[in-house]
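Enquirer: take a look and give me a structure for this.
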Amino acid sequence: MQRDYPLEKIRNFGIIAHIDAGKTTTSERVLYYTGMSHKIGEVHDGNTVTDWMEQERERGITITAAAITCFWNPTYMGKDMTKKVRFNIIDTPGHIDFTAEVKRSLRVLDGAVVVFDGVAGVEPQSETNWRYADDGSVPRLCFINKLDRMGASFERSYQSILDRLNKRAVRFQLPIGAEADFKGIIDLMTMKAFYFKGEMGDEIVQEEIPSELVEEAKKYRAELVEKAVEHDDLLMQGYLDGQEISVDELKKVIRKAVLANKMFPVFTGSALKNKGVQLILDAVVDYLPSPLDIPPVHGINPTNNETIYRHSSDTEPFSALAFKLQNDPFVGQLTFFRVYSGRIEAGSYIYNATTGEKERLGRIVRLQADKREEVKVVYAGEIAAAVGLKTAKTSHTFCDEENPIILDPIKFVDPVISLKIEPKTKADQEKMGMAIKKLSDEDPTFKVSSNSETNETIISGMGELHLEIMVDRMKREFGVEANVGKPQVAYRETILGTAEAEHKYIKQSGGKGQYGHVRLTLRPMQAISEGEKIPKNVSRYDDFEFIDSIKGGVIPQEFIPAVEKGVHEAMDRGIVAGFKLVNISCELTFGSYHDVDSSEIAYKIAASQAFQDAAKRAKPVILEPIMKVEVTFPEKFVGDITGSLSSKRGQIESMDDRGNNIKVIRAKVPLAEMFGYTTQLRSLTEGRGNANLEFDHYEVVPANVEKEIVESRK
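Expert: Numbering: from 1, shown residues only. Okay, the predicted model is just below:
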């Protein structure tokens with residue numbers, strides 16, 4: 001069976017932005033203009049295709065990433081349908097509580113369209129998403145949206161991209177008019193004006209640039225050409241010699257620069273007013289990569305730990321990454337996966353290299369948000385979902401069993417907020433366990449734990465809204481009625497000093513006894529530089545390092561994993577107030593064993609005791625999550641806002657103007673002080689203030705706060 005679309009005609013890209021910048025509105029226009037829907041859905045009407053969950057439609061925000069497959073014929077190709085390109089698009093959430101959706105989507109996408117609010121410009125989540133894209137070297141286009149709104153400014157928003165994201169952003173368009181007078185767009189590549197007529201803006205009219213804007217357009221066109229030819233010595237020479245560079249030549253060199261993340265084209269428009277979206281789709285075709293343009297994916301061979309590469313080709317061995325799980329009420333669990341090489345057919349067996357298990361792949365579907373289209377084969381460079389896989393989880397690698405590979409997993413941040421939850425009835429208890437398992441499988445930043453002393457169930461997430469949505473989903477999707485406690489901060493503990501401890505665990509009770517003896521040295525974990533090789537005797541994790549420095553076999557090798565496990569378990573219990581310990585380097589330096597009595601359990605207990613003894617003497621402290629806070633409010637409330645943030649142990653870092661007498665304060669504030677801040681902010685600003693919170697880092701709590709925390713845990 002042959003693929004129906006060649007690789008060079010596929011674009012896998014995401015639409016990413018801060019909350020309320022207009023991602024979903026843009027996605028709805030994309031669906032309409034590509035012919036996938038015959039009516040444009042609106043967020044404010046609750047009838048969008050990509051925001052299909054009840055909670056999304058009620059709140060007007062995106063919660064879960066939605067996948068869409070559609071086809072686009074570039075406008076400059078006229079009626080030539082042979083030029084149609086397949087788009088696999090993911091519309092991602094903008095709220096910081098659902099940032100994991102953005103992170104995992106960018107891991108499997110080849111490019112991104114970053115949407116900005118034309119009034120606010122770069123906002124906190126814009127910066128976070130941009131950082132995620134930088135981490136994955138994902139090529140990007142910028143779309144300054146909402147130019148029809150009062151207070152919108154293309155220049156101010158463009159400047160915020162240069163100042164806060166990247167100096168290599170380049171204007172490709174200019175707006176004609178602004179706010180209520182926003183009429184159309186000047187394309188600096190073709191030096192033409194574009195207007196979008198008809199009720200849905202689907203009639204594109206090309207005209208000459210208005211005379212009063214010609215000089216400005218010429219100036220910025222020259223700037224664009226200068227920045228483009230910098231990336232090609234031959235074109236640069238021609239340009240310096242006064243030669244006219246053709247549009248096709250420019251597009252080729254710009255595409256090369258965009259793929260290398262050396263240029264970020266900036267476009268503009270208003271998705272809500274149906275202006276400019278088609279030109280963005282043309283730019284996706286022209287500048288964003290096809291699967292053939294991305295570097296080969298790399299992973300490790302599980303049999304020998306060697307690095308291996310897979311190119312985007314149907315003829316290479318099959319490899320794919322599961323990046324998202326979703327519970328579908330009609331077909332059960334869907335496992336979204338991106339195929340990097342080879343092909344996979346429905347009805348065949350799929351090998352999970354992460355678990356070493358095989359499962360039959362009964363059905364494969366291509367997603368249109370909440371609708372499904374069944375397909376028989378998925379090829380390299382495509383995104384699809386498997387129905388009913390039982391053991392697959394996010395970050396698992398599927399591959400050819402004869403040619404195994406484990407791809408780099410997607411890394412997620414730890415939750416920063418927790419709350420107690422208990423079922424209302426006995427019947428709810430069983431349902432709650434199943435619901436929590438399914439939801440935590442779907443969302444790796446939603447964690448569950450239990451307090452062994454009180455038998456309470458604790459759920460943890462990225463913010464108050466995140467947990468509120470999860471509890472609501474338990475009720476609606478799984479019929480679970482539950483009582484929830486107040487949100488609690490996810491504190492951590494660590495050590496600031498170095499200490500050593502030794503422990504012998506000896507138990508004799510007639511017959512075979514127990515014997516384990518270890519000496520451990522604890523110190524703060526040090527960061528390693530990129531590319532630095534980790535020695536073979538070191539096991540390194542995100543927040544823990546175990547070093548086996550045993551010489552001469554004083555502890556048999558088979559008991560070393562038990563020592564590491566004992567340390568792990570002791571870290572979960574904490575020292576100061578029972579919070580999980582992090583960022584610790586633990587070195588096993590000495591020990592002994594008994595030919596008959598030594599056992600895994602004995603070494604585990606000995607290691608746990610030695611760890612606790614050493615940690616108590618290594619200057620243990622409590623860490624608290626610090627949030628990056630951005631508060632937007634009318635200028636007259638400056639004193640009230642700065643006073644309220646200072647009273648919450650906040651450190652104000654900057655204050656900027658956003659036009660129309662609006663101020664923006666950026667600060668770092670402990671999460672513990674921010675519960676209920678939105679309500680307080682509304683009362684301080686007559687309902688006109690707005691705050692965005694994002695986790696930034698963990699920091700040692702002050703001594704007086706530590707005392708309060710310890711007291712509250714007694």
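Enquirer: from here on, contacts and neighbour counts on C-alpha atoms
Expert: Will do.
Enquirer: could you list the low-pLDDT ranges of the chain?
Expert: For the chain, the stretches flagged by pLDDT under 70 are 1-2, 37-66, 77-82, 93-100, 329-330, 367-371, 451-455, 510-511, 530-531.
Enquirer: residue nearest the centroid of this structure?
Expert: Geometric centre of the chain, nearest residue: residue 103, 1.7 Å, by CA atoms, centre = their mean.
Enquirer: using CSV, list the CA coordinates for the helix or strand that one falls within.
Expert: Secondary structure assigned from DSSP states H and E places residue 103 in helix 99-108. C-alpha atoms of helix 99-108 as CSV (Å, rounded to 0.1, in the frame of the first residue of the first chain):
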residue,chain,number,x,y,z
THR,A,99,1.4,23.7,30.1
ALA,A,100,2.2,20.0,29.9
GLU,A,101,-0.1,19.8,26.8
VAL,A,102,2.1,22.4,25.0
LYS,A,103,5.3,20.7,26.1
ARG,A,104,4.4,17.3,24.8
SER,A,105,2.8,18.6,21.6
LEU,A,106,5.9,20.6,20.7
ARG,A,107,8.0,17.4,21.3
VAL,A,108,6.3,15.7,18.3
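Enquirer: next SSE downstream of it?
Expert: Per DSSP H and E, the first helix or strand lying C-terminal to helix 99-108 is strand 111-117.
Enquirer: who are the contact partners of the residue nearest to the centre of the chain?
Expert: 129, 132, 410, 412 (CA atoms under 8 Å, 6 or more residues apart in numbering).
Enquirer: out of these, which comes closest to residue 661?
Expert: Comparing the contacts of residue 103 against residue 661 with CA to CA picks out residue 129 as the nearest, at 27.8 Å.
Enquirer: what about that closest one, neighbour count?
Expert: By other CA atoms under 10 Å, the residues close to residue 129 number 21.
Enquirer: got it, and residue 199?
Expert: Number of residues near residue 199 (other CA under 10 Å) recorded here: 9.
Enquirer: does it count as helix, strand or coil?
Expert: Applying DSSP: H, G, I helix; E, B strand; the rest coil to residue 199 yields a three-state assignment of coil.
Enquirer: for it, what are phi and psi?
Expert: Per-residue torsions, residue 199: phi -60, psi -40 (degrees, to the nearest 10).
Enquirer: so residue 639 versus residue 685, what's the distance?
Expert: Using CA to CA, to the nearest Å, one gets 11 Å for the distance from residue 639 to residue 685.
Enquirer: residue 320 - nearest residue in space that isn't next to it in sequence?
Expert: Of all residues not flanking residue 320 in the chain, residue 339 sits nearest, at 4.2 Å (CA to CA, 6 or more residues apart in numbering).
Enquirer: ok, the one you found - contacts?
Expert: Contacts for residue 339 (CA under 8 Å, 6+ apart) come out as 318, 319, 320, 321, 378, 379, 380, 381, 382, 383.
Enquirer: rewinding a little: taking the contacts of residue 103 together, which two end up most distant?
Expert: Farthest apart among those by CA to CA are 129 and 410. That separation is 15.0 Å.
Enquirer: after the biggest strand by length in the chain, next one along is what?
Expert: Longest strand of the chain, by residue count under DSSP state E: strand 620-634. Once the chain leaves strand 620-634, the next helix or strand it forms, by DSSP H and E, is helix 638-647.
Enquirer: and the next helix-or-strand element following that following helix, what's buried?
Expert: Next in sequence after helix 638-647, counting helices and strands by DSSP H and E, comes strand 651-657. Judged by neighbour count (16 or more other CA atoms under 10 Å), strand 651-657 contains these buried residues: 651, 652, 655.
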